[in-house]
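Trainee: Quick one, what's the 3D model for this:
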Amino acid sequence: MILVEGSNTFQISPVTLSELERKILQDKQKSQVVYRYPNVDALEFELKMRMHIVEAAKALYASGVSFATFAKSKCNEQYWTRTDNGGFQLKSGVLPSVGINDIFENGHLYAFECAGAIIIMLYKAVLDTIGDAVFNSNFQNLYLRDWHYDRDLSLITGNNKDEAYPGDVLYFKNPDFDPDTPEWQGENVIMLDDNLYFGHGIGIESGEDIIAALNRMRKEDSTISAYLQDLVVYPDFEELRGLSMRIEAETVRVRYPY
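Mentor: As a prediction, this is how the structure comes out:
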């Protein structure tokens, strides 16, 4: 159920929403969980960003980016410096939007593991949602590695996979993974649709196919299957909307100081 503060009903023109946004809206309306929003703008912002997260996942899949452990990671050295631990530091003077977009435009120059891929896709979705100016103002000095992320990204963690929606981050755990390939101890994924996920290194697959892929990476003779954890991670949509609103307010004050 969706509740917008100060109103028993709310209206969003279906014409302004994509098919995916309409589906998310309908699924949340039908849920037994109450989803509260301060206004319709907040709801529309979340729908828009969830759509952009899904689009970023599909774009990364099509970009030519390779899967690699930290020891073998690589990046475009025109924009990023590869650190000794396999992370990527944005070079001085490079706009954050340029650095993030380059990963999707020149994917063949990059290789990294699945957790870092999640953060990169979330950054791309934020960029596409709030625009270059706001993104560059708030996400300077980017460093990409594993789950390291800028504090302004503000991720929220839940524990009910049955209430996951497209754009959410989930995790398939492989408890009996082969110790010779620790990178397959699990797979971080973006939910694209009902039972459809993107995991960097595995691709776009159903939950059953991701589990089957991880099970092939278990110890020899193991009988303990991989599984989808209850963990659900998603951005603090309202916090991100606030970033955009503050920048717009500051711009107005600069233009009209009196």
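Trainee: Show me the strands in the chain, by range?
Mentor: 2-4, 35-37, 66-67, 80-82, 88-90, 111-112, 143-144, 155-158, 169-173, 186-193, 196-199, 203-205, 227-235 (DSSP state E).
Trainee: quick one, which of those strands is nearest to D128?
Mentor: D128 lies closest, by Cβ to Cβ, to one member of the strands of the chain: strand 227-235, at 12.8 Å. To be clear about C-beta, it is placed using only N, CA and C from the backbone, and glycine gets the same treatment.
Trainee: Show me what counts as buried in that closest one.
Mentor: 227-228, 231-235 (16 or more other Cβ atoms under 10 Å).
Trainee: which residues of the stretch 1-150 of the chain fall in helices?
Mentor: Along the stretch 1-150 of the chain, counting by DSSP state H, counting those that start in this stretch, helices occupy 19-30, 40-62, 96-105, 114-130, 132-138.
Trainee: pLDDT wise, what is G6 at?
Mentor: With respect to pLDDT, G6 scores 75.
Trainee: Hmm, I typed the wrong one, I wanted S137.
Mentor: At S137, pLDDT is 94.
Trainee: How about D152?
Mentor: 89.
Trainee: give me the number of residues near it?
Mentor: 16 (other Cβ atoms under 10 Å).
Trainee: right, and it touches L243 too?
Mentor: Yes. Taking Cβ atoms under 8 Å as the definition, D152 is a contact partner of L243 at 6.2 Å.
Trainee: coming back round to it: the helices of the stretch 1-150 of the chain into a markdown table, with extra columns for mean neighbour count and distance to G158?
Mentor: Shown next, in a markdown table, are these (neighbours: other Cβ atoms under 10 Å; distance: least, Cβ to Cβ, whole Å):
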| stretch | mean neighbour count | distance to G158 |
| --- | --- | --- |
| helix 19-30 | 15 | 14 |
| helix 40-62 | 20 | 14 |
| helix 96-105 | 19 | 26 |
| helix 114-130 | 23 | 15 |
| helix 132-138 | 17 | 24 |
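Trainee: I'd like those helices written out as TSV, with distance to E239 added.
Mentor: As requested, the helices of the stretch 1-150 of the chain are arranged in TSV below (distance: least, Cβ to Cβ, whole Å):
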stretch	distance to E239
helix 19-30	19
helix 40-62	11
helix 96-105	18
helix 114-130	11
helix 132-138	11
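Trainee: Tell me which of the ones you listed sits nearest to R82.
Mentor: With Cβ to Cβ as the criterion, R82 lies closest to helix 114-130 of those, at 12.2 Å.
Trainee: so where's this protein shaky on pLDDT?
Mentor: In the predicted model, the chain carries pLDDT under 70 at residues 8, 14, 247-258.
Trainee: Now do the contacts for the most centrally placed residue in it.
Mentor: By Cα atoms, centre = their mean, the mean C-alpha position of the chain lies nearest to L122, the distance being 3.2 Å. By Cβ atoms under 8 Å, 6 or more residues apart in numbering, the contact set of L122 is 53, 56, 149, 153, 155, 169, 235.
Trainee: returning to that earlier point: please identify which of the buried residues of strand 227-235 is nearest to I2.
Mentor: Y234 (15.9 Å).
Trainee: What separation do you get for the closest residue to that closest one other than its chain neighbours and C114?
Mentor: The shortest distance from Y234 to any non-neighbouring residue, by Cβ to Cβ, 6 or more residues apart in numbering, is to D168 (5.0 Å). Taking Cβ to Cβ, to the nearest Å as the measure, D168 and C114 are separated by 15 Å.
Trainee: Over to V232?
Mentor: 16 Å.
Trainee: now do S13
Mentor: Distance from S13 to C114, by Cβ to Cβ: 37 Å.
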